[in-house]
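*Asks:* sequence plus the predicted model coming up.
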Amino acid sequence: MKSSLQQKKNRRNERGSILVLSAVGMLSVLLAVGLGVDISRFYLAKTELQNAADAAALAGASALDQQPAGITEAVLRATKAMNNYDFNNQGVTFAPSSVLFSSTLNGTYVDAATAYAAPANIKFVQVTTPQSAVGVSFTAMVLGNSRNLSATATAGLSVPLNTFCNFIPLSVIDYDIPMTPGQTYTIRADTGTGPSPGNYQILAVAGPGGVDVGFGIGAGVDACAEVGATYAVDTKPGLTAGKVRTGLNSRFDDYGGSQLDPVVEPPDTNIKENITYGDYLKARDPNNGSYYHNSNYYRAPTNLGTPDRRVVLIPIVKLADYDQGRNTVTFNRFGAFFLKTKAANGNGGEIEAEFIDTAVAVGKGGYNPDGAAGNPLLRTPVLYK
């Protein structure tokens, strides 16, 4: 056995080893904590980028309408949505070339110029954020001074809808005659021309009063409905001229006498009257996404506008459903319509809108598998991956 003296000598030689081990252990703990903090920052940054990509893809998909102008508008909306995001306290610079298109979810994605040549086949929009540097705070010696992160999202139009939301509280009469694309249809009848005494195609779905009608037309009804006998709504008797006018005209940047807010209920980006839906689409320049400054097709609003505010979702009701005064009607189906003109002063006359027969994303909605067949012309943007 070692002598007591030898043991004391050995212990003196070990003096300070605990301090070294503690320092090494503390450094390891600090590195582990720092790595956890940096990785958390990466996850947070990745989430921010993914949210931006998701929003941009959904915005782009909302413009797809089987028309060349829809491709241009999809790039515009995706770019605008992405550039509205701040990342790492800096604005994201997002190039239109980062917006790609495809006819199938897992197929080949092409640029806007290629998609523009065959827009009827395009069903999906893919957006990839630019590489964004995230600084490394605690573990730079391991991970470097920064890490580049990016995110990708793909959105497209949904299956045909059979549940519809954000429609306006007016109606189109179904005379059992196929509706003609490009033809105008009455959405609020004039005095003496209503479908029944006291009824002028106004619906009380937004509420029973005239103020409810005005807000419902200007903002869209905060309700959802399925077609068929399962959904019934009261009519709103009377012309309600003033509130119909202020609600509809807000979409043309005319807020006179209205309680609507141009920030919450903005005008369309093109408020030129007496143009067709085809003219409305032609007003967009396919080369750079801006609007032609041709007064025949385009007029800019004073307030900040939102695209397609003149495209509205309207329920279609059978003529036989209307009776005298306030009565109950059911929605036979829904259609997308283009508002060509503002409502005039006075009674406003017979208000009309142009029927759209191309697939558009208007309002909101869903699909009930136990409900009626969906409308292939009415879709909503959906995030797929």
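*Replies:* Happy to help now that I have it. As the structure is a computational prediction, the values presented were derived from the model and not from experiment. Numbering: from 1, shown residues only.

*Asks:* low-confidence regions, the chain specifically.
*Replies:* Within the chain, the ranges that satisfy pLDDT under 70 run 1-39, 41-42, 85-93, 134-146, 229-230, 284-293.

*Asks:* quick one: the helices in it?
*Replies:* 4-13, 17-61, 68-83, 112-117, 140-143, 210-219, 241-249, 277-282 (DSSP state H).

*Asks:* list of residues touching the fourth one?
*Replies:* Read it as helix 112-117. 68, 71-72, 74-75, 96, 99, 101, 122, 286 (C-beta atoms under 8 Å, 6 or more residues apart in numbering). C-beta: built from backbone N, CA, C; applies to glycine.

*Asks:* could you redo the last one with a cut-off of 7 Å?
*Replies:* With C-beta atoms under 7 Å, 6 or more residues apart in numbering as the test, helix 112-117 has contacts from 68, 71, 75, 96, 99, 101, 122, 286.

*Asks:* repeat for the third one
*Replies:* Under the contact criterion C-beta under 7 Å, 6+ apart, helix 68-83 has outside partners 52, 55-57, 59-60, 62-64, 91-92, 94, 96, 99, 101, 112, 115-116, 119, 122, 125, 127, 129, 281, 284, 286, 289, 307.

*Asks:* please pick the buried ones from the residues you listed.
*Replies:* Listed as buried from the contacts of helix 68-83 are 52, 55-57, 59-60, 62-64, 92, 94, 99, 101, 112, 115-116, 119, 122, 125, 127, 129, 281, 284, 289, 307; burial here means 16 or more other C-beta atoms under 10 Å.

*Asks:* how near is Val317 to Thr306?
*Replies:* Note on Val317: its distance to Thr306, by C-beta to C-beta, to the nearest Å, is 28 Å.

*Asks:* distance from the chain centre to stretch 352-367, please.
*Replies:* 13 Å (C-alpha atoms, centre = their mean, to the nearest Å).

*Asks:* isn't Leu170 up against Ile314?
*Replies:* Yes. Counting by C-beta atoms under 7 Å, Leu170 touches Ile314, with 6.0 Å between them.

*Asks:* turn the contacts of helix 112-117 into TSV, columns for distance to Thr328.
*Replies:* TSV is the format used below for these (distance: C-beta to C-beta, whole Å):
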residue	distance to Thr328
Pro68	43
Ile71	43
Val75	45
Pro96	49
Val99	46
Phe101	44
Ile122	41
Pro286	47
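
*Asks:* which single one of those is nearest to Ser250?
*Replies:* Val75 (27.6 Å; C-beta to C-beta).

*Asks:* so what's the residue count around that closest one?
*Replies:* Val75 has 27 neighbouring residues, counting by other C-beta atoms under 10 Å.

*Asks:* quick check: the gap between it and Phe164.
*Replies:* For Val75, the distance to Phe164 - C-beta to C-beta - is 27 Å.

*Asks:* please apply the same query to Leu170.
*Replies:* As judged by C-beta to C-beta, Leu170 and Phe164 stand 14 Å apart.

*Asks:* and Asn51, how many residues sit next to it?
*Replies:* Neighbours of Asn51 using other C-beta under 10 Å come to 14.

*Asks:* what's the answer for Thr108, then?
*Replies:* 10.
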